[in-house]
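Participant: Mind folding the following:
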Amino acid sequence: MEPLLLHPNPPAPGLAQALDLAGYPWKAVSSADAVSGSEPEDGWAGAIISADTDPEAAFALCRSLRKRDLPVEPLLVVVTSDQLPDLELREDLFDDFLVLPLEPAELDARLKHLFWRTGRGTRPELVEYGLLVLNLETYQAAIGGRPLDLTYMEYELLKFLATHPGKVFTRETLLSRVWGYEYYGGARTVDVHVRRLRAKLGEEHANLISTVRSVGYKFGQSRFSL
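Facilitator: You can find the predicted model right below:
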């Protein structure tokens, strides 16, 4: 996927972090003059223009992007609730808008919809279960927009469980499927990693991984359970 154009430069830390976590590449520009010089060979995948700090400059850039021979689209503008009335006269300058404070899940949903609607860009491969998101391309994970600091094996175990919601696995099965048949560690290895995962998921979400007595562990509920 080609990078998204972001304005201003530097972008708000929360926006940059949300895009990084979701696997969207991006480049920030400070003005319309910098757009062409920073433009990727295959063009921009779209643009996110934050208008909360300098709305005049932001909307001037939106207008410039729309007037290009090949307009940049989709274009998402970020505003405050106080700026909503100003959007009525500028509807031709953007494809969608997002109201601060930024919620990573909402940003991802709006981008997903815009890419589908315009037929531009591709989505990174994700595993999603409720508020949990695993990016299979970047090995990043988040719960409710909060990044999870996972080791490689913690990530692999969580990914395996999350891709089989509702299914119960014995410790021996998890050892062979996640660690590999050549791994000779004991079942306690699984218990330790599950305990660490629960701690990192936080008290509110620790019950995503439940213990099935005398059997092993289960993640969430089957998507097809009645």
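Participant: Could you use CA atoms for every contact and neighbour count after this?
Facilitator: Noted.
Participant: Next SSE downstream of the lowest-mean-pLDDT helix or strand in the chain?
Facilitator: With mean pLDDT, DSSP states H and E as the measure, the helix or strand of the chain carrying the lowest mean pLDDT is helix 104-118 (a mean of 84). Moving toward the C-terminus from helix 104-118, the next helix or strand (DSSP states H and E) is strand 126-129.
Participant: which residues are in contact with that following strand?
Facilitator: Val133, Leu134, Asn135, Leu136, Lys159, Ala162, Thr163 (Cα atoms under 8 Å, 6 or more residues apart in numbering).
Participant: Buried residues of it, list them for me.
Facilitator: When burial is assessed from 16 or more other Cα atoms under 10 Å, strand 126-129 yields the following buried residues: Leu126, Glu128, Tyr129.
Participant: can you check stretch 31-50 too?
Facilitator: Residues Ala32, Val35, Glu39, Gly43, Trp44, Ala45, Gly46, Ala47, Ile48, Ile49, Ser50 are the ones in stretch 31-50 that count as buried (16+ other Cα under 10 Å).
Participant: got it, and stretch 102-115?
Facilitator: If you call a residue buried by 16+ other Cα under 10 Å, then stretch 102-115 has these buried ones: Pro104, Leu107, Asp108, Arg110, Leu111, Leu114, Phe115.
Participant: re the thing from before, of all the buried residues of stretch 31-50, which two lie farthest apart?
Facilitator: Of all pairs drawn from the buried residues of stretch 31-50, the one with the largest separation by Cα to Cα is Gly43 and Ser50; the distance is 20.2 Å.
Participant: Low-confidence stretches in this protein?
Facilitator: Filtered on pLDDT under 70, the chain yields the residue ranges 119-124, 181-185, 222-226.
Participant: Which residue ranges of it form helices?
Facilitator: Taking DSSP state H, the helices of the chain run over residues 13-22, 33-38, 55-66, 84-87, 104-118, 152-162, 171-174, 188-201.
Participant: could those helices go into TSV alongside distance to Glu2?
Facilitator: TSV is the format used below for the helices of the chain (distance: least, Cα to Cα, whole Å):
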stretch	distance to Glu2
helix 13-22	13
helix 33-38	12
helix 55-66	17
helix 84-87	28
helix 104-118	12
helix 152-162	26
helix 171-174	37
helix 188-201	32
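Participant: looking at the ones you listed, which is closest to Gln140?
Facilitator: Relative to Gln140, the nearest member of the helices of the chain by Cα to Cα is helix 13-22, separated by 6.3 Å.
Participant: Tell me which residues are up against the closest one.
Facilitator: Residues beyond helix 13-22 that count as contacts (Cα under 8 Å, 6+ apart) turn out to be 25-26, 102, 104, 107-108, 124, 135, 140-142, 145, 147.
Participant: how is this structure carved up into domains?
Facilitator: Structurally, the chain divides into domains by automatic domain parsing as follows: 4-118, 137-219.
Participant: Between the two ends of the last one, how far is it?
Facilitator: Distance between the two ends of domain 137-219: 22 Å, counting by Cα to Cα, to the nearest Å.
Participant: Out of the buried residues of stretch 31-50, the closest to Glu172 would be?
Facilitator: Nearest to Glu172 among the buried residues of stretch 31-50: Ala45, at 44.7 Å, using Cα to Cα.
Participant: I'd like the distance between the closest one and Lys27.
Facilitator: To Lys27, Ala45 is 11 Å away according to Cα to Cα.
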